[in-house]
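In: Okay, structure incoming, though there's no sequence with it:
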């Protein structure tokens, strides 16, 4: 299949092609912003919990040996979650399941959900067992630069955490059910309990345990938290899906459709995850602390990716999958949703990108600088997150474009684009992180910034390939240049004022300084974007002011009643 030429969706056999819902028939689509808002609210809570977890982690572990070991150990079993979890089920299961719901075939949808859940549970149980046995080999494969106590601790932690990650894969099945039924908040807020379990363990034992012993305690807490996260979602998912029990009816055409899509989506999502593992592989050869610093930077970088990129892509996939109509109607419907989606992405991602580049030290200090995590560590993390910022807009757009292909039942085009991204990120990452610093006389530890810069460059290439291929399918969708100029202008002005405040105020406490500078940056950005005529910024500002006005009115009414 030519990714740049006319293609036919990789379809589920006898299932009809997607059709654009007419307003008067079928299941009505949700407004583009409402579902994304619910996803963003859930992700916001889980990401805030994750940042609190990382801050507590930084306090007790810093960037030392135990921090490297725990970070590597968490990433190794996470490969299982990432390969068979949320992204894969979103691309293979949700389009089929949501389409059945859209046509009113709820019983058949329940049968499909039962089979997918049963197969997933069996496969994950097998892989978890193999992962526990193969922990030493996995550690050597993912972090070959580890040796001695750092390697031994990593192997032990992998074995403890592998079962918990298997439970998180089953959480992804729950997410697929909940999202298809337009219940977005619970599944994205549920990870709060996972982070909460680890935070509680660190607060309870952190002052009394050495970092290596504490890492073991937190690993057990991570596994317990995964069980709690599944327990939060499973009852609602079972109720919505109306399952009567497990099933292995692999002969259902829709199940075969999920299976046909599953392989390419696993490979496409796997490629994306392999890039993160390649980064860790290379970082393990850098001086101590690089792996932990890379993980801290990724926690910061993933906040806008999750809040804006993932929330919009996740909320749009079920709606796009319900589309009905002929080819032209489908294309027009998808194009309208995409145009609205990329504009909403840009409104929030552009300032995030500029903030990472200009104020990354302030952000890192605000979130992580405490205890063993020093000011020098914040500057180091800034260098890494700045590299990520270069490709932030491209990578969030790529998520939305990939979701559109999945809704069209085309899983192969995203796979091919992801393979190109992997090849470029691996080769360029090795050069920028390992080869280039010694030749320029730079401390090797700064090579970690080269890894994220390489990932950003490869992300731009992937996005352009996806956009070009999608343009052939449904028509060109791109951000207007005038809009980007206004958004970047407002963001740069906000960053300049933030820098000035940083120099003038001279606030030393990272929490106080960060809150003041980031708050000033955001206020200036949104005020300027609204003043420059960006419709999305104006709408957001009006909504905030209206909500504030309603609260004041309600408070005044209550005071009047009390009087």
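Out: Received the coordinates, thanks. Note that the structure is a prediction, hence the values are computed from the model and not measured.
In: Please list all residues in contact with residue 536.
Out: Applying Cβ atoms under 8 Å, 6 or more residues apart in numbering, one finds that residue 536 lies in contact with 343, 344, 347. Placement of C-beta: from N, CA and C, glycine included.
In: Residue 64: what's its closest spatial neighbour, skipping adjacent residues?
Out: Counting by Cβ to Cβ, 6 or more residues apart in numbering, the nearest residue to residue 64 once its immediate chain neighbours are dropped is residue 211, at 6.1 Å.
In: burial measure for the nearest residue to residue 390 once chain neighbours are set aside, as a count.
Out: Using Cβ to Cβ, 6+ apart and skipping the chain neighbours, the partner closest in space to residue 390 is residue 456 (3.9 Å). Using other Cβ atoms under 10 Å, residue 456 has 23 neighbouring residues.
In: buried set for the strand or helix carrying residue 456?
Out: Take DSSP states H and E as the rule and residue 456 turns out to sit in helix 447-474. Buried positions in helix 447-474, judged by neighbour count with 16 or more other Cβ atoms under 10 Å: 447-463, 465-467, 469-470, 473-474.
In: next one: stretch 240-247
Out: Quick answer for stretch 240-247 (16+ other Cβ under 10 Å): 240, 241, 243, 247.
In: In a strand, the last one, correct?
Out: No - assigned with DSSP: H, G, I helix; E, B strand; the rest coil, residue 247 falls outside any strand and is coil.
In: Now do it against residue 98, distance only.
Out: 19 Å (Cβ to Cβ, to the nearest Å).
In: go on, the first one?
Out: Taking Cβ to Cβ as the criterion, residue 240 is separated from residue 98 by 12 Å.
In: Once you drop chain neighbours, what's closest to residue 249?
Out: Here the residue nearest residue 249, using Cβ to Cβ, 6+ apart, is residue 115, at 5.4 Å.
In: quick one: the one you found from residue 248, how far?
Out: 6 Å.
In: Output the below-cut-off pLDDT ranges for the stretch 51-200 of the chain.
Out: Along the stretch 51-200 of the chain, segments meeting pLDDT under 70 span 76-91.
In: before we move on, what about the chain?
Out: 1-40, 76-91, 263, 265-273, 309-311, 314-318, 322-323, 506-507, 547-563.
In: Quick check: can you list the domain ranges of it?
Out: With domains defined by automatic domain parsing, the chain comprises 34-322+332-479, 484-557.
In: Most tightly packed of those?
Out: domain 34-322+332-479 (a mean of 21; mean count of other Cβ atoms under 10 Å).
In: and stretch 446-454, how far from the chain's centre?
Out: 20 Å (Cα atoms, centre = their mean, to the nearest Å).
In: Outside of that stretch itself, which residues are in contact with it?
Out: 279, 282-283, 286, 290, 293-294, 297, 301, 380, 383-388, 390, 424-425, 428-429, 431-434, 436-437.
In: Please repeat the previous calculation with a cut-off of 7 Å.
Out: 279, 282-283, 286, 290, 293-294, 297, 383-384, 386-388, 390, 425, 428-429, 432-434, 436-437 (Cβ atoms under 7 Å, 6 or more residues apart in numbering).
In: next one: stretch 343-359
Out: Applying Cβ under 7 Å, 6+ apart, the contact partners of stretch 343-359 are 33, 304, 308-309, 312, 363, 385-386, 388-389, 392-393, 396-397, 400, 479, 483-484, 487-488, 491-492, 494-495, 498-499, 517, 521, 525, 534, 536-537.
In: Ok, stretch 144-162 next?
Out: 65-66, 68-70, 72-74, 76-77, 128, 131-132, 135-136, 138-139, 143, 212, 215-216, 219-220, 222-223, 281, 284-285.
In: Strands - which of these land there?
Out: Taking DSSP state E, every one of the contacts of stretch 144-162 sits outside strands.
In: Tell me who's in contact with the residue nearest to residue 64.
Out: Contacts of residue 211 (Cβ under 7 Å, 6+ apart): 60, 61, 64, 66.
In: The first one: what's it in contact with?
Out: Applying Cβ under 7 Å, 6+ apart, we find residue 60 in contact with 202, 206, 211, 214, 371, 372.
In: Just give the closest residue to the fifth one, not the sequence neighbours.
Out: Pointing back at residue 371 there. residue 59 (3.4 Å).
In: Which strands and helices lie in contact with the strand or helix carrying residue 301?
Out: Following DSSP H and E, one finds residue 301 within helix 290-304. Other elements packing on helix 290-304 under the criterion 3 or more Cβ pairs under 7 Å, 6 or more residues apart in numbering; DSSP states H and E are helix 32-61, helix 65-84, helix 253-283, helix 327-368, helix 375-389, helix 447-474.
In: I'd assumed residue 527 was in contact with residue 490.
Out: No - using Cβ atoms under 7 Å, residue 490 is not in contact with residue 527, being 8.1 Å away.
In: hang on, the earlier thing: columns distance to residue 185 on top of the contacts of residue 60, output as JSON lines?
Out: JSON lines is the format used below for the contacts of residue 60 (distance: Cβ to Cβ, whole Å):
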{"residue": "202", "distance to residue 185": "27"}
{"residue": "206", "distance to residue 185": "31"}
{"residue": "211", "distance to residue 185": "36"}
{"residue": "214", "distance to residue 185": "33"}
{"residue": "371", "distance to residue 185": "33"}
{"residue": "372", "distance to residue 185": "35"}
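In: so of those residues, which ones are in helices?
Out: 202, 211, 214 (DSSP state H).
In: hang on, isn't residue 538 packed against residue 530?
Out: Yes - when contacts are counted by Cβ under 7 Å, residue 538 is listed as touching residue 530 (4.8 Å).
In: quick revisit: can you list the helices and strands packed on helix 290-304 in JSON lines and add distance to residue 180?
Out: Below are the helices and strands packed on helix 290-304 laid out as JSON lines (distance: least, Cβ to Cβ, whole Å):
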{"stretch": "helix 32-61", "distance to residue 180": "12"}
{"stretch": "helix 65-84", "distance to residue 180": "18"}
{"stretch": "helix 253-283", "distance to residue 180": "13"}
{"stretch": "helix 327-368", "distance to residue 180": "17"}
{"stretch": "helix 375-389", "distance to residue 180": "31"}
{"stretch": "helix 447-474", "distance to residue 180": "22"}
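In: Nearest to residue 194, out of those?
Out: Of all the helices and strands packed on helix 290-304, it is helix 32-61 that lies closest to residue 194, at 8.2 Å by Cβ to Cβ.
In: tell me the angle of the closest one relative to helix 375-389?
Out: Here helix 32-61 runs at an angle of 150 degrees relative to helix 375-389 (axes from the mean of the first three to the mean of the last three Cα atoms, to 10 degrees).
In: the inter-axis angle of helix 32-61 versus helix 327-368?
Out: Using the same axes, to 10 degrees: helix 32-61 against helix 327-368 is 30 degrees.
In: Now do helix 32-61: distance to the chain's middle.
Out: Worked out by Cα atoms, centre = their mean, helix 32-61 lies 10 Å from the chain centre.
In: Could you do stretch 229-243 as well?
Out: 22 Å.
In: repeat for stretch 93-104
Out: What separates the centre of stretch 93-104 from the centre of its chain is 24 Å, taken as Cα atoms, centre = their mean.
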